[in-house]
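Chemist: When you get a sec, could you give me coordinates for this:
(2 chains)
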Amino acid sequence: MYIIVIGGGRVGYYLTKELLNEGHEVLLIEKNAVICQTINEELGSVCVQGDGCEASTLAEVGMGRADILVAVTGDDEDNLVACQVAKHKFKVPRTIARIRNPKNEVLFKKLGIDATVSTTTLILEHIEELMPSHPLTHLLMIRDKGLEIVEVKISPESATVGKAVRELSLPSASILALIIRKEQKPIVPAPDTVLQAEDQVIAVTTPESEEALRAALRGA
Amino acid sequence: MKVVIMGCGRVGAQLASLLDADGHEVVVVDNDTNSFRRLPHDFGGIALLGNGLDEEVLKKAGIEEADAFVAVTQGDNRNVMAAQIAKHIFNVPKVVCRIYDPLRQELYDMLGLEAISPTTIFAQLLREGVES
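Modeler: Numbering: from 1, shown residues only, chains lettered A, B, ... in the order given. Predicted coordinates for the structure are as follows:
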């Protein structure tokens, strides 16, 4: 595949390297001439100096035949415009944008950007996951379906310890998918599965019923 | 009419002062307090410090009740993004933005955004000046 990456910062650099390793044809566009030169010395001639939002730069690099454009500069507005120019002027089939402000996800989606990756959200979620006291962790968003996969930890103090799954008042939009228990094979929960302290419950839910799910599982 | 202006540079400040003098309710947003010095002493509107790409800041500026939104910061992309937030997230009835790059202006014009390119307009004015 022919992939064009906009922005030669750390994300752009490692992404380009990774994609090259996977055997793709990759072209990186970076504004700063010095950064551009360093990357070319290191990775071979993959980087072109220019503005990734400028139609003339994009025409020069053969944007018309690109399969994917990934915009990963540090500025949401630059990533948005790069994707819109690629999409509307060059009909690139798939555009992916990095976003810093998680709230921009809605806007980007509305404006037809095919996918967004919110680095801020990713980092927050990873830190959340590392906090032992945090009762609910987001594992995965299934965006087009409005669903998410979450993990809820059952603490020894939870009122639900010793209760069977059927006794829990789970919100209708949530499904328990798996229970991970210490030193055991993961269990697919059945109505008579009894919760134990330190269980990690993996569930599918909607963002709206997430709080009700947490309450149902922790008994609070 | 209630107008929110993003960017208090020369153009933004002058526009704010003109609209204020016409009796409109004006809020100017800029992320540098220094920029507000460009506003006249008798400016009757509101100068709000903040990033105009932040929905919270825009709400504080009253964008939800605004009749018009104008984006005139130094960055084309910032203007384009702010204008699209105003139009598609807050449904502001009248949205105008400045885009220096004529090619980008053409593209967004095609996408239904009211965008003005000072580059194109000024070049035309200069040509008239030279040829007359």
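Chemist: Quick check: residues of chain A near chain B?
Modeler: Proximity of chain A to chain B (CB under 8 Å from any CB of the partner chain) is limited to residues A:53-56, A:75-78, A:80-81, A:84-85, A:88-89, A:101, A:103, A:106-107, A:110-111. Every C-beta, even on glycine, is put in place using the N, C-alpha and C of the backbone.
Chemist: Just the buried subset of the residues you listed, please.
Modeler: Listed as buried from the residues of chain A next to chain B are A:53-55, A:75-78, A:80-81, A:84-85, A:88-89, A:103, A:107, A:111; burial here means 16 or more other CB atoms under 10 Å in any protein chain shown.
Chemist: mind listing which of the residues of chain A next to chain B are in helices?
Modeler: Among these, the members found in helices (DSSP state H) are A:55-56, A:76-78, A:80-81, A:84-85, A:88-89, A:106-107, A:110.
Chemist: Format those residues as JSON lines; extra columns: pLDDT.
Modeler: Below are these laid out as JSON lines (pLDDT from 0 to 100):
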{"residue": "A:A55", "pLDDT": "83"}
{"residue": "A:S56", "pLDDT": "84"}
{"residue": "A:D76", "pLDDT": "95"}
{"residue": "A:E77", "pLDDT": "96"}
{"residue": "A:D78", "pLDDT": "96"}
{"residue": "A:L80", "pLDDT": "97"}
{"residue": "A:V81", "pLDDT": "96"}
{"residue": "A:Q84", "pLDDT": "96"}
{"residue": "A:V85", "pLDDT": "94"}
{"residue": "A:H88", "pLDDT": "93"}
{"residue": "A:K89", "pLDDT": "91"}
{"residue": "A:V106", "pLDDT": "90"}
{"residue": "A:L107", "pLDDT": "93"}
{"residue": "A:K110", "pLDDT": "92"}
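Chemist: The residues you listed: which two are farthest apart?
Modeler: A:S56 and A:V106 (31.2 Å; CB to CB).
Chemist: wait, what's in contact with A:I3?
Modeler: A:L19, A:H24, A:E25, A:V26, A:L27, A:A66, A:D67, A:I68, A:L69, A:V70 (CB atoms under 8 Å, 6 or more residues apart in numbering or on different chains).
Chemist: Report how many residues lie close to the second one.
Modeler: By other CB atoms under 10 Å in any protein chain shown, 14 other residues sit near A:H24.
Chemist: show me the contacts for it.
Modeler: A:M1, A:Y2, A:I3 are the contacts of A:H24 under CB under 8 Å, 6+ apart.
Chemist: Tell me where chain A has helices.
Modeler: Counting by DSSP H, the helices of chain A are A:10-21, A:33-43, A:55-60, A:76-90, A:104-110, A:119-130, A:210-218.
Chemist: how far out from the middle of the chain is the third one?
Modeler: Centre-to-centre, helix A:55-60 and its host chain are 29 Å apart (CA atoms, centre = their mean, to the nearest Å).
Chemist: what helices or strands is it leaning on?
Modeler: In terms of contact count using 3 or more CB pairs under 8 Å, 6 or more residues apart in numbering or on different chains; DSSP states H and E, helix A:55-60 is assigned the packing partners helix A:76-90, helix B:102-110.
Chemist: same thing but at 6 Å, please
Modeler: Contacting helix A:55-60 under the criterion 3 or more CB pairs under 6 Å, 6 or more residues apart in numbering or on different chains; DSSP states H and E is no other helix or strand.
Chemist: just the fifth one next, same as before
Modeler: The elements that helix A:104-110 packs onto, with contact taken as 3+ CB pairs under 6 Å, 6+ apart, do not include any helix or strand.
Chemist: Pull the residues that contact it.
Modeler: Applying CB atoms under 6 Å, 6 or more residues apart in numbering or on different chains, the contact partners of helix A:104-110 are A:D76, A:A97, A:T116, B:I85, B:H88, B:I89.
Chemist: What about the residues you listed, which are in strands?
Modeler: In strands, judged by DSSP state E, the following of the contacts of helix A:104-110 are found: A:A97, A:T116.
Chemist: From the contacts of helix A:104-110, keep the buried residues only.
Modeler: In the contacts of helix A:104-110, burial by neighbour count holds for A:D76, A:A97, A:T116, B:I85, B:I89, counting by 16+ other CB under 10 Å.
Chemist: Count residues in the vicinity of A:S169, would you?
Modeler: Around A:S169 there are 8 residues (other CB under 10 Å).
Chemist: Per the annotation, how does chain A divide into domains?
Modeler: Chain A breaks down into these domains under automatic domain parsing: A:2-122, A:131-218.
Chemist: tell me the most buried of the ones you listed?
Modeler: domain A:2-122 (a mean of 19; mean count of other CB atoms under 10 Å in any protein chain shown).
Chemist: Ends of that one, what's the gap?
Modeler: One end of domain A:2-122 sits 27 Å from the other (CA to CA, to the nearest Å).
Chemist: got it, and stretch A:186-193?
Modeler: Start-to-end span of stretch A:186-193 (CA to CA) is 12 Å.
Chemist: mean confidence score for it?
Modeler: Rounded to a whole number, the mean pLDDT of stretch A:186-193 is 93.
Chemist: so who does residue 55 touch?
Modeler: As the question left the chain open, I've gone with chain A. Counting by CB under 6 Å, 6+ apart, A:A55 touches A:K89, B:L103.
Chemist: sorry, should have said chain B
Modeler: Contact partners of B:E55, counting by CB under 6 Å, 6+ apart, are A:K103.
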